[in-house]
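Colleague: return atomic coordinates for the entry below.
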Amino acid sequence: MRNISIKILSTICSILFLSYIVMGMAIITAAVLQYPLAEHFSTSRFLPEIIHYGPLEMSLERNGQDGMVNFLIRKAGHFVMYSFLAIFLMIVFQIRPYVVKISFVLASIGALGAMDEMVQAFLPERSSLLMDVFVDIAGGCFGVILFLLLIGSHSNVPKVKGKIVG
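Modeller: A predicted model of the protein is given here:
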C-alpha cells in the first residue's frame with residue numbers, strides 16, 4: 001500500500017513539474033510576443049509584399065511594415081500557444097490507447113480554437129477567421145508531434161517487437 005501511495009505522489013509531482021515547465025514556456029512566449037519587434041525590422045527585405053490569408057489580403061503598401069510584422073507575430077503566436085497547449089494536454093491526460101489520447105487532444109484544440117474565434121466575432125476590433133482555427137489545429141498537431149518525439153519516446157509506452165502498443 002505504501003509503494004502505491006509513493007508512486008501516486010511521484011506521478012502527481014511529475015505532472016505538476018512538467019505543467020509548470022510548459023506553463024512557464026507559454027508565459028515566456030506570450031511575453032516575447034508582446035515585445036514590439038516591428039521596430040527591429042528596419043527594411044522590408046524580410047517581409048513578403050502580399051500575404052493572402054483566407055479572405056484577407058495583407059500588403060506592405062496598405063498595412064505598412066509595422067502592420068505586416070504585427071500580423072505575422074500574431075499568427076505565429078497562435079501557432080506557438082496552441083503547440084504549448086497540446087503538449088500540456090498530452091502531459092495531463094492519462095488516456096490509453098495513445099490514438100484516443102491524441103484524438104482527444106486535437107479535438108480539444110480544435111474546439112478551443114473555434115470557441116476563441118466565435119468570441120472574436122463579437123468583439124468590435126477583432127476579426128473571426130476560419131483560417132485562425134486551422135493555424136491553431138496545426139499548432140496543436142506540431143505540439144503533439146513534438147511531445148511524441150521528445151517526451152513520448154522516454155515514457156512507459158509498452159512496445160512489442162519495436163511497435164508501440166496501446
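
Colleague: contact partners for residue 50?
Modeller: 57-60 (CB atoms under 8 Å, 6 or more residues apart in numbering). For every residue, glycine as well, the C-beta is placed using N, CA and C.

Colleague: so residue 58 belongs to a strand, correct?
Modeller: Yes: membership of residue 58 in a strand is supported by DSSP: H, G, I helix; E, B strand; the rest coil.

Colleague: now the helices for this protein?
Modeller: For the chain, the helices defined by DSSP state H cover 2-34, 60-92, 98-121, 130-146.

Colleague: can you put those helices in a markdown table and add mean pLDDT?
Modeller: As requested, the helices of the chain are exported to a markdown table (pLDDT from 0 to 100):
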| stretch | mean pLDDT |
| --- | --- |
| helix 2-34 | 70 |
| helix 60-92 | 84 |
| helix 98-121 | 91 |
| helix 130-146 | 93 |
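
Colleague: can you list the ones you listed in TSV and add distance to residue 50 and mean neighbour count?
Modeller: Converted to TSV, the helices of the chain look like this (distance: least, CB to CB, whole Å; neighbours: other CB atoms under 10 Å):
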stretch	distance to residue 50	mean neighbour count
helix 2-34	23	12
helix 60-92	8	18
helix 98-121	23	15
helix 130-146	16	19
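
Colleague: which of the ones you listed sits closest to residue 53?
Modeller: Residue 53 lies closest, by CB to CB, to one member of those: helix 130-146, at 5.7 Å.

Colleague: how big is the angle separating that closest one from helix 98-121?
Modeller: Relative orientation of helix 130-146 and helix 98-121, computed by axes from the mean of the first three to the mean of the last three CA atoms, to 10 degrees: 150 degrees.

Colleague: packing partners of helix 130-146?
Modeller: helix 60-92, helix 98-121 (3 or more CB pairs under 8 Å, 6 or more residues apart in numbering; DSSP states H and E).
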